[in-house]
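Engineer: sequence below, structure please.
(2 chains)
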Amino acid sequence: QKEVEQDPGPLSVPEGAIVSLNCTYSNSAFQYFMWYRQYSRKGPELLMYTYSSGNKEDGRFTAQVDKSSKYISLFIRDSQPSDSATYLCAMSRGGGNKLTFGTGTQLKVEL
Amino acid sequence: KAGVTQTPRYLIKTRGQQVTLSCSPISGHRSVSWYQQTPGQGLQFLFEYFSETQRNKGNFPGRFSGRQFSNSRSEMNVSTLELGDSALYLCASFPDVGTDTQYFGPGTRLTVL
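Structural biologist: Model (predicted):
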């Protein structure tokens, strides 16, 4: 069983929809939680960064971390076709920058 | 501010050869991490260097090695290439630990024939 599980999708939504992306994890030592967006043939781009539990909002993006349930989420409001990409969750224990990634969810926002 | 630079961007090698990939981090960043990305396994951590010292290492065979220079530039080397080493190799740049100021490079796509 992988340390981080993420539904690979693909997930297809209409423009303007609210998108919910999720990851579960098994290692309770993880303290830092991240969401990346990766377009085809590009490197991952950091979207959201959270330390420990709680919510964080940045524009149309909201990240939630529930350490008690070992569950993290990314919400995208008013989704746009330009949001079509693969979304990767990642987490680390600290003591360095070793990130453990989910396999990524492919999102398509259709007109 | 210049981004993370990786060279070469594309590489084709044959089985048994060796390869060296290069990463130049963001100016002022002291930590460089390397990842292998494949369709089947996703992104897997290879190793991390901080101030020229390997700080973390992933579960890859000894054929995979790396180093970091005093200017924070990093190289990774893969010896005795196997078909399964075909992947996108990504470098990430961090100023230090636990920060949101982190950037990935565009990657080097390695194809082993």
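Engineer: below-threshold pLDDT in chain B: ranges please.
Structural biologist: Applying pLDDT under 70 to chain B picks out residues B:1, B:97-101.
Engineer: and it, which residues reach chain A?
Structural biologist: B:4, B:31, B:33, B:35, B:42-45, B:48, B:50, B:55-56, B:58, B:90, B:92, B:94, B:97-100, B:102-107 (Cβ under 8 Å from any Cβ of the partner chain). To be clear about C-beta, it is placed using only N, CA and C from the backbone, and glycine gets the same treatment.
Engineer: now a ChimeraX select for only the buried ones of those residues.
Structural biologist: Here is the ChimeraX command that selects the buried residues among those (16 or more other Cβ atoms under 10 Å in any protein chain shown):
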select /B:4,31,33,35,42,43,44,45,48,50,55,56,58,90,92,94,98,102,103,104,105,106,107
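Engineer: sitting in strands, which of the residues of chain B next to chain A do you find?
Structural biologist: Among the residues of chain B next to chain A, the residues falling in strands (DSSP state E) are B:31, B:33, B:35, B:42-45, B:48, B:50, B:55-56, B:90, B:92, B:94, B:103-104.
Engineer: ok so B:Gly84 is a helix residue?
Structural biologist: Yes: according to DSSP: H, G, I helix; E, B strand; the rest coil, the state of B:Gly84 is that of a helix.
Engineer: enumerate the positions of stretch B:59-75 that are buried.
Structural biologist: Of all the residues in stretch B:59-75, those buried under the rule 16+ other Cβ under 10 Å are B:Phe60, B:Phe64, B:Ser65, B:Gly66, B:Gln68, B:Ser72, B:Ser74, B:Glu75.
Engineer: send over it as PDB, restricted to the C-alpha atoms.
Structural biologist: Extracted in PDB, the C-alpha atoms of stretch B:59-75 (Å, rounded to 0.1, in the frame of the first residue of the first chain):
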ATOM      1  CA  ASN B  59      14.900   3.900  -2.400                       C
ATOM      2  CA  PHE B  60      16.800   3.700  -5.600                       C
ATOM      3  CA  PRO B  61      19.700   1.400  -6.500                       C
ATOM      4  CA  GLY B  62      23.300   2.600  -6.100                       C
ATOM      5  CA  ARG B  63      23.400   3.200  -9.900                       C
ATOM      6  CA  PHE B  64      21.700   6.500  -9.100                       C
ATOM      7  CA  SER B  65      24.000   9.000  -7.500                       C
ATOM      8  CA  GLY B  66      24.300  12.700  -7.200                       C
ATOM      9  CA  ARG B  67      26.300  15.600  -5.900                       C
ATOM     10  CA  GLN B  68      26.000  19.300  -5.200                       C
ATOM     11  CA  PHE B  69      28.700  21.900  -5.800                       C
ATOM     12  CA  SER B  70      29.600  25.000  -3.700                       C
ATOM     13  CA  ASN B  71      27.500  27.200  -5.900                       C
ATOM     14  CA  SER B  72      24.400  24.900  -5.200                       C
ATOM     15  CA  ARG B  73      24.300  23.500  -8.700                       C
ATOM     16  CA  SER B  74      23.600  19.800  -8.600                       C
ATOM     17  CA  GLU B  75      24.200  16.900 -10.900                       C
END
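Engineer: show me the contact partners of the one helix or strand A:Tyr87 maps to.
Structural biologist: Assessed by DSSP states H and E, A:Tyr87 sits inside strand A:85-92. With contacts defined as Cβ atoms under 8 Å, 6 or more residues apart in numbering or on different chains, strand A:85-92 is touched by A:4, A:6, A:21, A:23, A:25, A:27, A:30-40, A:44, A:47, A:72, A:74, A:98-107, B:42-43, B:98.
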